[in-house]
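**Q** show me how the following folds:
(one chain, ligands or ions: 2)
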Amino acid sequence: MAVSTIYSTQALNSTHFLTSSPSSSSKQVFFYRRQTNRRFNTIITCAAQQTVVIGLAADSGCGKSTFMRRLTSVFGGAAEPPKGGNPDSNTLISDMTTVICLDDYHSLDRTGRKEKGVTALDPRANDFDLMYEQVKALKSGIAVEKPIYNHVTGLLDAPELIQPPKILVIEGLHPMFDERVRDLLDFSIYLDISNEVKFAWKIQRDMAERGHSLESIKASIEARKPDFDAFIDPQKQYADAVIEVLPTQLIPDDNEGKVLRVRLIMKEGVKYFSPVYLFDEGSTISWIPCGRKLTCSYPGIKFNYQPDSYFDNEASVVEMDGQFDRLDELIYVESHLSNLSTKFYGEVTQQMLKHADFPGSNNGTGLFQTIVGLKIRDLYEQLIANKANAPTEASKA
Ligand SMILES: Nc1ncnc2c1ncn2[C@@H]1O[C@H](COP(=O)(O)OP(=O)(O)OP(=O)(O)O)[C@@H](O)[C@H]1O
Ligand SMILES: O=C(CO)[C@H](O)[C@H](O)COP(=O)(O)O
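**A** Numbering: from 1, shown residues only. Ligands and ions are numbered 1, 2, ... in the order given. Here you go, the predicted structure:
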């Protein structure tokens, strides 16, 4: 192909350059990796639309996929991998949402990481320039050919075409790591799972479902920890909402990790997002709902709500410790929470009942993931309405 104009944009740097083909009527644009000169992805201009971009950060095995299933369900329709594409694609597409996994921006495959002695959490194993270019393109209504990291083979597969959706969710290890990508996010969430709980979940999944030994699970957690602390955990300071998962305080010295204390930390002052509250906005409330209207077996359920600060930002925190015995009774709790952005009375309970088999449905992880899903729907609707009402350049003149 004859390479024509080399565009110089601020976004382009030494690792990539962008060209366009003059012969092409469809205005195709290509990204190349400078080191290899390999055409990496094609961008095709298409109908202008604004995509709302949501970032979800967490370590591996911390409930991102479960959260995504709850979120896409709030928007209706099931999320499926791209039809007829790579069976090992990490992408999930529904009518309204496309979820892309940022593992697809690993620049080093499994062997490459081993040779260089870096983990997948290390920024050197990831291509943030390409991540930025592609999220920016999708946000402005341009389709991209995104690489695929194959978790089965550990190799980088041929790219897949991603059309700009109404809502793009970028989930993975680093959605808020790179300032340029962070600035593209309309809303960001961090799943902050404490080490004790992460360990319990890993054992449950990797031992029971994947046949790994206890020693190998411990070793893998230890090996990732320095890079997790250096590159993943600090991203929580940028999140608009954090779901923090801790061991219960209702059972003294609990080390089973089955009963959880979950905190929903919501930053104040985020555009189109007003935090949920319990009883009375801005007060400090401690509430034990167990009794005539909510069945609770040992160790019971306790809610807390209070204004707080989080990394120098004002925040509101709703906390739930314990677990529900009967999900249908959740309506009692729902009726005491305000600013839920539901479309009808009982919508939170309905969503929770619909996915009663998902991990965390009987505790604060499921409840708060569902609530954040509803808040994202509300944020999307406000953003779109605001855009529709905004005066056009012509009408302003
Ligand atoms: N809320 C929860 N309560 C209990 N266990 C959970 C919860 N969320 C996740 N888990 C456990 O953690 C495992 C991983 O969950 P999930 O697949 O949603 O995480 P992930 O972050 O997408 O993982 P990965 O990045 O490794 O694919 C589940 O199989 C389950 O065992
Ligand atoms: O932290 C991770 C994100 O999910 C994975 O460990 C990383 O993507 C590497 O994957 P694999 O272990 O399949 O090579």
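**Q** break down the stretch 151-300 of the chain into its helices, ranges please.
**A** In the stretch 151-300 of the chain, the helices defined using DSSP state H, counting those that start in this stretch lie at 179-182, 195-202, 214-227.
**Q** only alpha carbons, please: show the shortest one as CSV.
**A** In this case it means helix 179-182. Extracted in CSV, the C-alpha atoms of helix 179-182 (Å, rounded to 0.1, in the frame of the first residue of the first chain):
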residue,chain,number,x,y,z
GLU,A,179,-3.4,10.1,32.3
ARG,A,180,-4.5,10.3,28.7
VAL,A,181,-6.7,7.3,28.9
ARG,A,182,-8.0,8.4,32.3
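**Q** residue numbers of the stretch 51-200 of the chain in contact with ligand 2?
**A** Within the stretch 51-200 of the chain, the positions adjacent to ligand 2 are 60, 103, 110, 120, 151, 154, 173 by C-beta under 6 Å from any ligand atom. Glycine gets a C-beta too; all of them are placed from N, C-alpha and C.
**Q** find the nearest non-adjacent residue to the residue nearest the centre of the chain, please.
**A** The central residue of the chain, meaning the one whose C-alpha is nearest the mean C-alpha position (C-alpha atoms, centre = their mean), is Leu56 at 1.9 Å. Nearest in space to Leu56, with sequence neighbours left out and distances taken as C-beta to C-beta, 6 or more residues apart in numbering, is Glu171 at 4.1 Å.
**Q** kindly tell me how buried that neighbour is, as a neighbour count.
**A** For Glu171, the count of nearby residues is 24 (other C-beta atoms under 10 Å).
**Q** repeat that for Asn90.
**A** Here the number of neighbours of Asn90 (other C-beta under 10 Å) works out to 21.
**Q** wasn't it part of a strand?
**A** No - under DSSP: H, G, I helix; E, B strand; the rest coil, Asn90 falls outside any strand and is assigned coil.
**Q** and the gap between it and Asp240?
**A** With distances taken as C-beta to C-beta, to the nearest Å, Asn90 is found 24 Å from Asp240.
**Q** the residue in the stretch 251-397 of the chain that ligand 2 sits nearest to is in what secondary structure piece?
**A** With C-beta to the nearest ligand atom as the measure, Pro359 is the residue of the stretch 251-397 of the chain nearest to ligand 2, at 16.7 Å. When secondary structure is defined by DSSP states H and E, Pro359 falls outside every helix and strand.
**Q** neighbours around it, how many?
**A** Taking other C-beta under 10 Å as the criterion, the count of residues near Pro359 is 15.
**Q** equivalent analysis for Ile331, please.
**A** There are 17 residues near Ile331, going by other C-beta under 10 Å.
**Q** so what's the residue count around Val348?
**A** The number of residues packed around Val348, counting by other C-beta under 10 Å, is 23.
**Q** low pLDDT regions in the stretch 1-150 of the chain?
**A** Scanning the stretch 1-150 of the chain for pLDDT under 70 picks out the ranges 1-49.
**Q** can you do 50?
**A** For the stretch 1-150 of the chain, residues meeting the criterion pLDDT under 50 lie at 1-29, 32-38, 42, 44-47.
**Q** ok, which stretches of it are helices?
**A** Listed in chain order, the helices found in the stretch 1-150 of the chain under DSSP H, counting those that start in this stretch are 64-74, 110-116, 128-139.
**Q** elements contacting the second one?
**A** Right, the one you point to is helix 110-116. The elements that helix 110-116 packs onto, with contact taken as 3 or more C-beta pairs under 8 Å, 6 or more residues apart in numbering; DSSP states H and E, do not include any helix or strand.
**Q** now what about that helix, what contacts it?
**A** Residues from elsewhere that reach helix 110-116 (C-beta atoms under 8 Å, 6 or more residues apart in numbering): 106, 108, 119-120, 124-125, 154-155.
**Q** quick one, which of those residues are buried?
**A** Among those, those that count as buried by neighbour count (16 or more other C-beta atoms under 10 Å) are 106, 108, 119-120, 125.
**Q** thinking again about what came up before, who wins for most neighbours among the residues of the stretch 51-200 of the chain next to ligand 2?
**A** Per-residue neighbour counts (other C-beta under 10 Å) across these peak at Leu173, which has 27 neighbours.
**Q** those residues of this protein touching ligand 1, which are they?
**A** Residues of the chain found near ligand 1 (C-beta under 6 Å from any ligand atom) are 58, 60-66, 201, 204-205, 359-360, 365.
**Q** now with 8 Å, please.
**A** Within the chain, the positions near ligand 1 by C-beta under 8 Å from any ligand atom are 58-69, 101, 103, 171-172, 191, 200-202, 204-205, 209, 245, 260, 358-361, 363, 365-366, 369.
**Q** just the buried ones from those residues, in ChimeraX syntax?
**A** A single ChimeraX command suffices to select whichever of those are buried according to 16+ other C-beta under 10 Å:
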select :58,59,60,61,62,63,64,65,66,67,68,69,101,103,171,172,191,200,201,202,245,260,358,360,361,363,365,366,369
